[in-house]
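Q: Just to be clear, the model below is a prediction. Sequence and coordinates:
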Amino acid sequence: MKEEKVGKKPKGAVLVISIGKPSDKSPMRAADPDTKEKAERNPPAFLSKATPAELMGEAERMRGAGEKGHARRFADVASQMERGPALRESTIERLGTEASQLLGDDEDDREAFARFLYGEGKRGADYQDMRINPSLYDPSARRRFMKVMSQMERQKGRAEAMESEGQEQLQALRAEDPTRFFADQDMVQRALDNLEALDALQKGAAVDFCSCCTPSEIAWAIAKAKKKSKPFHGYNPNRHHKKGGLNAKGRAKAKRETGANLKPPVTTKPSKLKPGSKKAKRRKSFCARMGGMKGPTSKKGKLTPKGAALRRWNC
């Protein structure tokens, strides 16, 4: 490459190729002392959301890796995030339903009306009308309704406070990110966004690609996103094999729960199986039983558990 000097700095083009997973300390970022400060001033807007189930999944992984402290931290945040919604639902089911019954609601719309009363609270028209015009209502029903609405208002405040506390703990955990859980999530989300942009570009649409990552980071994230995607509908790594059917954990669980002594699948191609052999008979029996089960083998272009199992057994 030919370089032309302008003043004290060389002028030219440099091609940087990075292979493999980017490390935490990127040389390109370390060379710019203002990078961290700029990132803090302009936090990315694509931060992915974490659900309690995802946090509990990370807690299980940390527990399996022997990181009990991190596992406890993730589990505590997940529990706090679940408390508010749980209290809200129980309040609607218990007090909201009673309030809607006192107003003589239609039984078919009771749940929806209970949620409406929960959202309206004491500001609702029914409560305000009972407060202003008490003579128009049955005294005992009016007293009970107003009492129930007051209780529901207090429970609503508690639920909202719990949800706020859960979000605060989530943000604190995100800022600390002791296991790089959120960093990995965000990288995968950026990769998925870029995949969508690439798909739109191929269709002739004008798109903006992510400019916050290096090409190597985007490539690694895209590969990780593909790896993380489920191979078929309802896939559970603790139960299913990636190619379909049960894995060793799934077979062990079935044995504990039902006593069934399931064997590993026959994945040999039928053309290579000896006719009348034990494996050939097992494959034929499985294909007949699984093929006769209700349900499609694919859904929206993706295999169902039934379809994945049939494919793995070469049915």
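A: Okay, I see it.
Q: Flag the shaky bits of the stretch 1-150 of the chain, pLDDT-wise.
A: 1-49, 105 (pLDDT under 70).
Q: tell me which element Met290 falls in.
A: According to DSSP states H and E, Met290 maps onto helix 278-291.
Q: wait, isn't Arg251 in contact with Leu262?
A: Yes: Arg251 lies in contact with Leu262 (C-beta atoms under 8 Å); the separation is 4.4 Å. Glycine gets a C-beta too; all of them are placed from N, C-alpha and C.
Q: Just want to know which of those two has more residues nearby.
A: Between Arg251 and Leu262, counted using other C-beta atoms under 10 Å, the more crowded position is Arg251 (19 against 15).
Q: can you give me phi and psi for the more buried one?
A: Main-chain torsions, Arg251, degrees, to the nearest 10: phi -70, psi -40.
Q: Glu107 versus that one, what's the distance?
A: According to C-beta to C-beta, to the nearest Å, Arg251 stands 46 Å off from Glu107.
Q: Repeat that for Lys278.
A: Separation of Lys278 from Glu107 (C-beta to C-beta) stands at 59 Å.
Q: swap in Gly124?
A: Separation of Gly124 from Glu107 (C-beta to C-beta) stands at 20 Å.
Q: quick one: the strand or helix carrying Met146 to chain centroid distance?
A: Per DSSP H and E: Met146 is located in helix 139-176. Relative to its chain's centre, helix 139-176 lies at 25 Å (C-alpha atoms, centre = their mean, to the nearest Å).
Q: Show me which positions of that helix end up buried.
A: 142, 145-146, 148-149, 152-153, 155-156, 159, 162-163, 166, 169-170, 173-174 (16 or more other C-beta atoms under 10 Å).
Q: Can you list the helices and strands that the helix or strand containing Glu54 packs against?
A: Taking DSSP H and E as the definition, Glu54 sits inside helix 52-64. Helices and strands touching helix 52-64, by 3 or more C-beta pairs under 8 Å, 6 or more residues apart in numbering; DSSP states H and E, are helix 68-91.
Q: Could you identify the helix or strand that succeeds the helix it packs on?
A: Next element after helix 68-91 (DSSP H and E): helix 97-102.
Q: just checking, what packs against that next one?
A: When contacts are defined as 3+ C-beta pairs under 8 Å, 6+ apart, helix 97-102 packs onto helix 110-120, helix 139-176.
Q: roughly how far is the shortest one from the heart of the chain?
A: Taking C-alpha atoms, centre = their mean, one finds helix 110-120 lying 28 Å from the centre of the chain it belongs to.
Q: Could you check the angle that helix makes with helix 139-176?
A: Counting by axes from the mean of the first three to the mean of the last three C-alpha atoms, to 10 degrees, helix 110-120 lies at 70 degrees to helix 139-176.
Q: Give me the contact list for helix 110-120.
A: 88, 91-93, 95-97, 99-101, 103, 105-106, 124, 126-127, 149, 152, 156 (C-beta atoms under 8 Å, 6 or more residues apart in numbering).
Q: Just the CA trace of it, in CSV.
A: Provided in CSV are the C-alpha atoms of helix 110-120 (Å, rounded to 0.1, in the frame of the first residue of the first chain):
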residue,chain,number,x,y,z
ARG,A,110,-66.7,-10.1,33.9
GLU,A,111,-63.0,-10.5,33.6
ALA,A,112,-62.7,-7.6,31.1
PHE,A,113,-64.9,-5.4,33.4
ALA,A,114,-62.9,-6.3,36.4
ARG,A,115,-59.7,-5.1,34.7
PHE,A,116,-61.4,-1.9,33.6
LEU,A,117,-62.4,-1.2,37.2
TYR,A,118,-58.9,-1.9,38.4
GLY,A,119,-57.5,0.6,35.9
GLU,A,120,-60.1,3.3,36.7
